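Chemist: Need the 3D shape of this:
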Amino acid sequence: MKVSLLVAFFAILACAAPIASAGTSRRAAVFTSSRISAAVGAALLPISLHSYSTPKENSTLWTVKDTADTVKSIAEIIGLAVGGFWTWILFVKNRQDYPRAKITHAISHRVLPNGSRLLRVRCTVTNIGQVFLRLDSAFVWVQQMLPLPADFQAALDAGKDPLAVLDPSESEYGWPRVGERKCDWAASPREVEPSEEDYIQFDFVVDGDAQLLEIYSYFKNERKKREIGWSETTVYDLLTGVVFPEVVLQAAPKPAPPAKPTP
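Modeler: Numbers count the residues shown, from 1 in each chain. Predicted structure coming up:
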C-alpha cells in the first residue's frame, strides 16, 4: 500500500510538471487536471484489487478501500484546483481577460470625371484576444505627403531638416489632413467575437494632384478609462497603387494634424 501511495504521489508531480511551463494554455491546464486524476486512479487501482484478494478481516479490507477512495478524491480535488489556478494565472496575471485587436488596411482608388480621386479605405478589425471585443468609436485620417507642403519644401530648399525646423519635439511630421471620417457606435456598438473579423469601409475624395497619402486609423479600447486604442498607419502611392504598412501598436491617438490650406 505504501508503495502504491508513493506511486500516486509521484504521478501527481509528473502530471503537474507541464503546468509550470510558461507556454501552457488554459485547455492544457484542464487536460492536465484530468491526467492527474487518471494517473492517481491507475496508481491506486492495485490497492482496491489487493484489498479484495488478500485474506484479511473485513474491517481491514474496508479500511484499505476507504483510504484508497479518500486519496483518489483528494487527488481529483488537487487536479481541479491546479487547473483552476492556472486559468486564473492566464486570465488575470497575463491580462487575457482584456480585449486585443489588430487593424489592417486595404486601399484602392478611382479617378472621378472631374479629375479628383475617390479613395476607399477598408479597415479590417481582427479580434486576436480571447474575450469579446466591443467597438464604440473610431476615426480615419487621410494626410497628403506629396506634393510637399509649402513650409516643408521651403525648409528643404534652404538646406535644412524640415522636421527639426517645423516639428522639433515630434518624431514625425504632421502632414496636412485632406480627409477625415469619425464614427460613433455608442448607441449600437460593433461586436467581434474571438478569432473573428469586422470590416468597415471609409470613402474619401482627394484632389487630383495628390500623389502620396498617409492613412491613419484609430479604434478606441472601450475597456480602458484613459484614451487608448488600436491604430494602423499606411502610406499609399496613388501613382502606383502600392501600400506601405507600418507596425501596429496599441497606444493613444496621434495629435490631430493641421488641415490642408484651401487655395
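Chemist: Next up, the contacts around residue 206.
Modeler: 116-117, 119, 142, 144, 178-179, 213, 238 (CB atoms under 8 Å, 6 or more residues apart in numbering). From N, CA and C alone the C-beta is placed, and that goes for glycine too.
Chemist: now it: how far from residue 217?
Modeler: Residue 206 sits 16 Å away from residue 217, going by CB to CB, to the nearest Å.
Chemist: Would you convert the contacts of residue 206 into a markdown table that also reports distance to residue 150 and secondary structure?
Modeler: A markdown table is the format used below for these (distance: CB to CB, whole Å; DSSP: H, G, I helix; E, B strand; the rest coil):
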| residue | distance to residue 150 | secondary structure |
| --- | --- | --- |
| 116 | 21 | coil |
| 117 | 21 | strand |
| 119 | 23 | strand |
| 142 | 19 | strand |
| 144 | 12 | strand |
| 178 | 15 | strand |
| 179 | 19 | strand |
| 213 | 18 | strand |
| 238 | 20 | coil |
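Chemist: Quick one: which of the residues you listed is the most crowded by neighbours?
Modeler: Counting neighbours by other CB atoms under 10 Å, the top entry in the contacts of residue 206 is residue 213, with 26 neighbours.
Chemist: bridging residues for that one?
Modeler: Counting by DSSP bridges, residue 213 is bridged to residue 144, residue 236.
Chemist: buried sites along stretch 100-109?
Modeler: Of all the residues in stretch 100-109, those buried under the rule 16 or more other CB atoms under 10 Å are 100-101, 103-105, 107, 109.
Chemist: Which of those fall in strands?
Modeler: Residues of the buried residues of stretch 100-109 located in strands (DSSP state E): 101, 103-105, 107, 109.
Chemist: Which one of those is nearest to residue 130?
Modeler: Closest approach between these and residue 130, by CB to CB: residue 101, at 12.3 Å.
Chemist: And the helices in the stretch 101-250 of the chain?
Modeler: For the stretch 101-250 of the chain, helices defined by DSSP state H, counting those that start in this stretch occupy the ranges 150-157, 162-166.
Chemist: and residue 83, which of the ones you listed is closest to it?
Modeler: Residue 83 lies closest, by CB to CB, to one member of those: helix 162-166, at 53.9 Å.
Chemist: got the contact list for the closest one?
Modeler: By CB under 8 Å, 6+ apart, helix 162-166 touches 151-152, 155-156, 170, 172-173.
Chemist: just those residues: which has the poorest pLDDT?
Modeler: Within the set of the contacts of helix 162-166, pLDDT is lowest for residue 170 (85).
Chemist: so who does it touch?
Modeler: Neighbouring residues of residue 170 by CB under 8 Å, 6+ apart: residue 163.
Chemist: and the host helix or strand of residue 82, what's its mean pLDDT?
Modeler: Assigned by DSSP states H and E, residue 82 belongs to helix 58-88. What helix 58-88 shows for mean pLDDT is 72.
Chemist: and what of stretch 130-141?
Modeler: pLDDT averaged over stretch 130-141 gives 96.
Chemist: buried residues in that stretch?
Modeler: Buried residues in stretch 130-141, counted by 16+ other CB under 10 Å: 130, 133, 135-141.
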